[in-house]
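Novice: Give me the fold of what follows.
(chains A and B)
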Number of protein chains: 2
Amino acid sequence: MSKKLTTREEDYSKWYNELVVKADLAENSGVRGCMVIKPYGYAIWEKMQAELDRMFKETGHENAYFPIFIPKSYFSKEASHVDGFAKECAVVTHYRLKTDENGNVVVDETAKLEEELIVRPTSETIIWDTYRKWIESYRDLPILINQWANVVRWEMRTRLFLRTAEFLWQEGHTAHATKDEAVTESKLMQGVYADFAENFMAMPVIKGFKSESERFAGALETYTIEALMQDGKALQAGTSHFLGQNFAKAFDVKFTTKEGKREHVWATSWGVSTRLMGALVMTHSDDKGLVLPPKLAPIQVVIVPIHKTDEQLDAISQKVDELTAELRKKGISVKYDKRTTYKPGWKFAEYELKGVPLRIAMGPRDLENGTLEIARRDILDKKTISIDETVFYVEKILNEIQENLFNKAINYRDTHITEVNSFDEFKEVLETKGGFISAHWDGTSETEEQIKNLTKATIRCIPNNAEKEDGNCIFSGSKSERRVLFAKAY
Amino acid sequence: MSKKLTTREEDYSKWYNELVVKADLAENSGVRGCMVIKPYGYAIWEKMQAELDRMFKETGHENAYFPIFIPKSYFSKEASHVDGFAKECAVVTHYRLKTDENGNVVVDETAKLEEELIVRPTSETIIWDTYRKWIESYRDLPILINQWANVVRWEMRTRLFLRTAEFLWQEGHTAHATKDEAVTESKLMQGVYADFAENFMAMPVIKGFKSESERFAGALETYTIEALMQDGKALQAGTSHFLGQNFAKAFDVKFTTKEGKREHVWATSWGVSTRLMGALVMTHSDDKGLVLPPKLAPIQVVIVPIHKTDEQLDAISQKVDELTAELRKKGISVKYDKRTTYKPGWKFAEYELKGVPLRIAMGPRDLENGTLEIARRDILDKKTISIDETVFYVEKILNEIQENLFNKAINYRDTHITEVNSFDEFKEVLETKGGFISAHWDGTSETEEQIKNLTKATIRCIPNNAEKEDGNCIFSGSKSERRVLFAKAY
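Specialist: A predicted model of the protein is given here:
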């Protein structure tokens, strides 16, 4: 397979699809809308999981596991939730197959379920049905639980990582004695997500909350982190919901307060998914392939020997083994690729495509001179350094790359937030420059919907730090107290 | 809820069910046959996962993820596999719900799938359908992949952890150029499982292979590790299958050899599941609750302060905080339970029930004397030691507990392998002593089935190290060349 990618300039969407497949991140499967996450892609996801899991535990959360199936009737219990979720989902109706007279495998019609089971699109209902049994008194609160799981939403148009029928995610579900505590929790988790996005993915995000029509089905408030991709489209990278007492009321979950009163429990839920893989790819990668931030790169340094003879390879390998051991002692993940079935040039292109942050090449002359060549993936810069200073240099440069990727992305993002004061301006910026558009909005769902129908732009969020500013809605002209961020989005 | 358990003597099965629930490991959900794994149970599973994952990676495997759904037609492709797996499974037939005229949520009959999807009971078919696209030449081999996933088998009679409709597991799926390499791989993974069972779970296992009728559907050989529970019943704890070229042929997966020939690929698959949680509970626990091997205990040491006044608690806490920091530096997980909502006696019973290996209690007099009380969960032994020697002592005793649990279990197991030479003897041992019965068998599935029908005992395995020994089948009297192990099993 050719490693040459369609360029972003030519066709951004095609570039993304090709890159995900060619860099061995994921591919489509024989099952409509479901992806196979390949080992290299999964290794990045594992790194994301490990950091997020650590952050969840540090903020007091524990993991647990709830059933993949949800009885159909559970969805009806929370009125707004059913509209948002019960629609496009996988429905299990039978529990047995049989072989018919022609030897074909067919559904056994006698094995029909009394009540259909839904493959979870999200787990609020099954979890709150469980919490009812766990919560009796204030002593049982808070419950701070997270689950790593697969979920299924029957999307009609799918794209690897960004929108798939099955995806992997984590979903936190917490239960609290007071409204304040639940609100604090949902904001805390928005902060954890922003911290992860910026410090590990090197992806700047805007923290804000959603307008009513973009809120999670069943939430009173949805906190979000919004990122900007290189094509000027926004991507919702994580959400944290304050659910009020909606699910506690739907599933009859009450607790006895210290004062002996019976009250409904307050809830939050929050999640990020394999969608982050798509965001990671689209934030940093270039026309040569992936560019990975060192903190999430499965291989941080790859070493390629340049040799003609077996003796040369042996001599290089001996030196490389020492170096590898030293680097690993520092916690740096190193791959030494001494396969002779592939040429160095092929390997260089391969690791460029896969976004390995640093590449080291060592040949016989380097060995004589006590040097090696080190190449940065982010800025495609090469230099020759002394072997002795490699460990120091690698550590330093990995940090620089992490920082550089973030700075580059935040510079792009910050130059793509445009304030507009009229709908004409709004449409022009949207069609030419793209990015976030900061505009006054009258606060109504009607205006929001009309703008969406006319331009495909939606309100991504009302930024947490939006300052009060008197103005007029760019669409209706009605009074507005602050600007909100619009964008076309994934 | 009372913490008092039914004793093993009274009713072993009831003891197990109560223990799993009362120790907060798992409970039944609102979905038939599906369990909720509670945080404490999940924390043990996470420890198992971490060790196994490390062992898989050390033996060269990578993780990946394949779709949860399998098109119905895939099952028909491997003839013996379909009989074993396509039967009792969850079938997805529709992809949408709707709200009917009465406001009820119902299946939208217009959204019927053309081909039904099966929720994976195991993933050989979908994975080999994928491997066809990945394998072209010998250079692409071996493929050494593992997946952590949930699977569903529609069991009619379920028991927490031991047999549930949905369970969590890992499934390794490897592809090789030669038969030898595939056989070596399947034996290697049997070894990894045995190592994990013995060195982490402290659960002795017998390594062997299955008789034809107990083999995995589609395998040429199934390697197994078999453990013995305290009630004398065996439990299959992990299996590793040599699949020959069956799946490669069914899914048309060929590779070009170094010599340029096209050949079918050789396969293995291997798995362990949350069933190991049941095995862990039943191997070590007693009438007071769980007994956990330190290497898998989420909390290795719990510290309980004994105090009357707040000043006493403060003084104790100050000392405990120092101690906790020192223990954590050694990688020991410590919980300090200074809740005042519960009395020390309640806490003691709680941590006994939860199987925390070591409990430390510290009161005002201890503080004066520079001592503390340390209690072992495994032998329920208490002693007073000097605070200064705590770290040394804790490390030493945790190792001793790990060793003691294994020795106790292997002693039980070894005294419950009985050689018999007649069917009368066989039946008597089975009904009285239980355990493994080592007996001659004529090698036929007919005999095996008759013995099973008459006694419920099955051939657990032909031990890897079974010595050649001439004898006569205890049932048919026909010639036999070696003894095999029978038992009633979970």
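Novice: and the stretch 201-350 of chain A, which of its residues are near chain B?
Specialist: The stretch 201-350 of chain A comes close to chain B at residues A:T341, as judged by Cβ under 8 Å from any Cβ of the partner chain. No exception for glycine: its C-beta is placed from N, CA and C like everyone else's.
Novice: Return the distance of the residue in the stretch 201-350 of chain A that chain B sits nearest to relative to A:P294.
Specialist: Per Cβ to the nearest Cβ, A:T341 is where the stretch 201-350 of chain A lies closest to chain B, at 5.9 Å. Shown here: A:T341 relative to A:P294, a distance of 28 Å by Cβ to Cβ, to the nearest Å.
Novice: Comparing the two, which shows the higher neighbour count?
Specialist: More neighbours surround A:P294 than the other of A:T341 and A:P294, with 26 against 8 (other Cβ atoms under 10 Å in any protein chain shown).
Novice: my read: the more buried one touches A:L398, true?
Specialist: Yes - between A:P294 and A:L398 there is a contact under Cβ atoms under 8 Å: 4.2 Å.
Novice: Identify the contacts common to those two.
Specialist: Common contacts of A:P294 and A:L398, defined by Cβ atoms under 8 Å, 6 or more residues apart in numbering or on different chains, comprise A:Q300, A:P357.
Novice: what are the phi and psi values for the residue nearest to A:R139 when sequence neighbours are not counted?
Specialist: Closest residue to A:R139 apart from its sequence neighbours, by Cβ to Cβ, 6 or more residues apart in numbering or on different chains: B:T341 at 5.9 Å. Main-chain dihedrals, B:T341, degrees, to the nearest 10: phi -80, psi -10.
Novice: B:T341 and B:R275: what is the separation?
Specialist: 36 Å.
Novice: same thing with A:A194?
Specialist: For A:A194 relative to B:R275 (Cβ to Cβ), the value is 40 Å.
Novice: same question, A:T99
Specialist: 28 Å.
Novice: Which one's more surrounded, these two?
Specialist: B:R275 (21 against 15).
Novice: tell me the pLDDT at the more buried one?
Specialist: Note for B:R275: predicted pLDDT of 98.
Novice: repeat for A:W346
Specialist: On pLDDT, A:W346 comes in at 96.
Novice: Distance of it relative to A:V356?
Specialist: A:W346 sits 14 Å away from A:V356, going by Cβ to Cβ.
Novice: which one of those two has more residues nearby?
Specialist: Legend: neighbour count by other Cβ under 10 Å for A:W346 and A:V356, higher for A:V356 (25 against 13).
Novice: what about the more buried one, which SS state?
Specialist: Under the three-state scheme (DSSP: H, G, I helix; E, B strand; the rest coil), A:V356 adopts coil.
Novice: close enough to count as contact, it and A:V302?
Specialist: Yes - with contact defined as Cβ under 8 Å, A:V356 reaches A:V302; the gap is 4.7 Å.
Novice: overlap in contacts of those two?
Specialist: With Cβ under 8 Å, 6+ apart, A:V356 and A:V302 have common neighbours A:K335.
Novice: So, low pLDDT: which residues of the stretch 51-200 of chain A?
Specialist: Applying pLDDT under 70 to the stretch 51-200 of chain A flags the ranges A:85-86.
Novice: ok, 80 please
Specialist: A:78-87, A:103 (pLDDT under 80).
Novice: now the strands for it?
Specialist: In the stretch 51-200 of chain A, the strands defined using DSSP state E, counting those that start in this stretch lie at A:62-63, A:69-71, A:91-94, A:97-99, A:105-107, A:112-119, A:143-152, A:166-176.
Novice: Include distance to chain B when you put the ones you listed into TSV, please.
Specialist: Supplementary listing: the strands of the stretch 51-200 of chain A in TSV, determined by distance: least, Cβ to the nearest Cβ, whole Å:
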stretch	distance to chain B
strand A:62-63	4
strand A:69-71	5
strand A:91-94	4
strand A:97-99	5
strand A:105-107	5
strand A:112-119	6
strand A:143-152	6
strand A:166-176	6
